[in-house]
Each structure stands twice: as structure tokens, then as C-alpha cells.
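Trainee: Predicted model and sequence follow; I will ask about them next.
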Amino acid sequence: MSDPARTVDALNKSAVARYIQLATLFRRRIETGEWAVGGQIPTVEVLAKECGVAAMTIRQALGILESEGMIERYRAKGTFVKQRPANDLWCQVQTDWSGMLIARENALIEVLSEEHDIHLPNRQFAIGRPAAAYRHLQRRHTREGEAFLLADVYVAERVANLISPEAYRSKTALRLVADVPGLVITDATQTLTIGSADLYASEKLDIPIGHPVARVERCAVDADGELVLIADGTYRGDRVRIDFKLR
């Protein structure tokens with residue numbers, strides 16, 4: 001059951017907009033069955049009192065859930081749960097090398113933009129030294145017309161010239177460099193963080209601002225110690241599962 005005092009405290013501690021926090025909270029109540037499919041949820045006034053916010057903030061939060069098809073609002077009758085959030089996890093973020101080379105079943109890769117001969121973003125990397133220049137591709141992965149991954153891929157320009165245009169539209173980021181003849185990958189890392197969607201990710205993945213996302217950075221180094229690949233991926237939090245191989 002909900003704890004009003006704890007709910008208000010959590011809302012106050014977060015920098016995320018209140019209505020986005022509340023949309024996430026209410027979505028979770030539907031996921032867990034606390035708000036059952038077909039059942040009526042508390043009124044705006046009751047929720048506003050429970051959460052310590054204005055009625056307008058509750059209406060904004062419920063508007064997000066309504067746009068996602070989870071609730072229906074009826075004048076003079078109230079608001080009812082229409083369906084639970086989709087539980088179809090389309091993508092497994094693998095933690096071993098072989099798993100990260102496998103393309104996602106039935107997924108399509110769209111190249112949104114491509115830049116040549118650019119420098120890496122100004123940040124620190126755990127392994128390798130930067131190449132002289134990179135090719136930067138922004139790619140969007142979709143399944144059944146719905147986007148689940150937005151990725152910035154940087155491939156050392158000397159390596160990028162050895163990769164076919166078709167490969168950029170069909171292969172995972174690490175597969176791009178793993179399949180280059182004569183190129184030996186001697187080290188690779190993967191770093192995962194959990195966050196929320198910014199304005200750009202919201203637009204490209206068609207999710208609300210603040211929606212949960214998983215951000216994954218992958219780096220690969222060749223035999224000369226050069227960073228030949230950096231891939232920054234943003235996964236929809238409701239479309240991804242992360243598996244860790246312990247043995």
C-alpha cells in the first residue's frame with residue numbers, strides 16, 4: 001500500500017519535475033496491480049492530498065498515462081485503468097563479449113546522421129588512446145516500428161573506411177569493428193548507468209521527458225592501444241533487460 005508521507009518526501013528530494021515523478025509512480029501502481037485493470041483509481045483531489053501537490057500537477061501526470069493508453073478518464077464517472085504497461089522486453093543488454101556481438105531479433109537500425117573526420121567528445125575513457133579522427137554516426141534501433149535504442153557510435157576513421165555502408169545499418173556497434181579483417185580487439189569495456197530521458201532522447205525514442213532509461217558506454221581498443229570504437233547507447237527503460245553472467 002502507498003505511504004503518503006514517504007511519497008511526499010521522495011517527491012521533495014528529486015530534481016525531476018513533479019508531474020513526471022508522479023507519472024512514474026502511478027505507472028508503477030498499475031504495473032504491480034495496486035491499481036487493477038478495469039478498476040477506478042482515486043480522484044484527483046485524493047491523489048493531490050496524498051502527494052502534497054496541486055490538482056493540476058496530478059492532472060498532468062495522469063495525462064501522460066492517458067497518452068500511453070494505460071488509463072481512461074470519463075466525465076462525471078472518474079478515471080479507470082485500461083491496461084498495464086507493456087512488459088515485452090525487446091532487448092537484453094549482454095555483459096559478455098559474444099552476447100554483445102549479436103544483433104537484436106527483428107530489430108532495424110536507422111542511421112540518423114553521419115559525420116566524418118571529427119574528434120571525440122571531451123571526456124575521459126577508461127582504456128586506450130584516441131585516434132586522430134573518427135566517423136560519428138547516430139543510429140536508432142526500432143522493432144515493429146517502435147524505437148528502443150538511440151546510439152552515438154564513433155569509429156576510428158581509418159577503420160570506418162573498411163566498413164561497408166550496409167554494415168552500419170545492420171550490425172551492432174562492437175560487431176562493426178570485430179568483423180574488420182586484420183583488426184584485433186585486445187580490450188573492451190562496458191559501463192552502464194541508469195538515468196532519465198532528456199529532451200533529445202524523449203523526441204527520438206518517443207517517450208516522456210524523465211522516462212527511465214539505461215545508458216551504456218562501450219569502448220574497444222586494438223592491438224596498438226588505440227580506441228577504435230566508442231558507442232554511447234540510450235535504451236528505453238521499459239524495453240530492456242540487463243543480464244549479468246556471474247559464472
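Mentor: Received the coordinates, thanks.
Trainee: Now do the domain split for the chain, please.
Mentor: Residue ranges for the domains of the chain, per automatic domain parsing: 4-81, 91-242.
Trainee: how far does the shortest one sit from the chain's center?
Mentor: Counting by CA atoms, centre = their mean, to the nearest Å, domain 4-81 is centred 23 Å from the centre of its parent chain.
Trainee: With stretch 160-175 instead?
Mentor: Averaged C-alpha coordinates place stretch 160-175 at 22 Å from its chain's average position (CA atoms, centre = their mean).
Trainee: can you dump the C-alpha coordinates of it into CSV?
Mentor: Extracted C-alpha coordinates of stretch 160-175, given in CSV (Å, rounded to 0.1, in the frame of the first residue of the first chain):
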residue,chain,number,x,y,z
ALA,A,160,35.5,3.2,-40.7
ASN,A,161,36.8,3.2,-44.3
LEU,A,162,36.9,-0.6,-44.2
ILE,A,163,33.3,-1.0,-43.1
SER,A,164,30.5,-1.2,-45.8
PRO,A,165,27.6,1.3,-45.7
GLU,A,166,25.2,-1.7,-45.3
ALA,A,167,27.1,-2.9,-42.1
TYR,A,168,26.3,0.5,-40.4
ARG,A,169,22.6,-0.3,-41.0
SER,A,170,22.6,-3.9,-39.8
LYS,A,171,25.4,-4.6,-37.3
THR,A,172,25.8,-3.9,-33.6
ALA,A,173,28.4,-1.4,-32.7
LEU,A,174,31.0,-3.9,-31.5
ARG,A,175,30.3,-6.2,-34.4
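Trainee: The residue of the chain positioned farthest from its centre and Pro181, how far apart?
Mentor: Residue farthest from the centre of the chain, counting by CA atoms, centre = their mean, is Ala76 at 37.6 Å. Remark: distance between Ala76 and Pro181 (CB to CB, to the nearest Å) = 70 Å. For glycine as for every other residue, the C-beta is placed from the backbone atoms N, C-alpha and C.
Trainee: cool, and Pro208?
Mentor: 44 Å.
Trainee: the more surrounded of these two?
Mentor: Pro208 (21 against 5; other CB atoms under 10 Å).
Trainee: show me where the protein has helices.
Mentor: For the chain, the helices defined by DSSP state H cover 4-13, 18-32, 44-51, 55-67, 97-100, 157-160, 165-168, 173-178, 199-205.
Trainee: Nearest to Phe125 among the ones you listed would be which one?
Mentor: helix 173-178 (14.8 Å; CB to CB).
Trainee: which of the residues in that closest one are buried?
Mentor: Using 16 or more other CB atoms under 10 Å as the test for burial, helix 173-178 gives Ala173, Leu174, Leu176, Val177, Ala178.
Trainee: List of residues touching stretch 108-117?
Mentor: With CB atoms under 8 Å, 6 or more residues apart in numbering as the contact definition, stretch 108-117 has outside contacts at 133-143, 157, 168-171, 204.
Trainee: Need the buried ones from those selected in PyMOL.
Mentor: In PyMOL, this line selects whichever of the contacts of stretch 108-117 come out buried by 16+ other CB under 10 Å:
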select buried, resi 134+135+136+137+138+139+140+141+142+143+157+168+171+204
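Trainee: For this protein, which residues score under the pLDDT cut-off?
Mentor: 1-16, 86-105, 242-247 (pLDDT under 70).
Trainee: Got the phi and psi for the closest residue in space to Thr186 that isn't next to it in sequence?
Mentor: The shortest distance from Thr186 to any non-neighbouring residue, by CB to CB, 6 or more residues apart in numbering, is to Ala223 (5.2 Å). Backbone torsions for Ala223, taken as degrees, to the nearest 10, come to phi -70, psi -20.
Trainee: rewinding a little: need the helices of the chain in a markdown table with distance to Ser113, can you?
Mentor: Formatted as a markdown table, the helices of the chain follow (distance: least, CB to CB, whole Å):
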| stretch | distance to Ser113 |
| --- | --- |
| helix 4-13 | 37 |
| helix 18-32 | 28 |
| helix 44-51 | 41 |
| helix 55-67 | 28 |
| helix 97-100 | 23 |
| helix 157-160 | 14 |
| helix 165-168 | 12 |
| helix 173-178 | 15 |
| helix 199-205 | 11 |
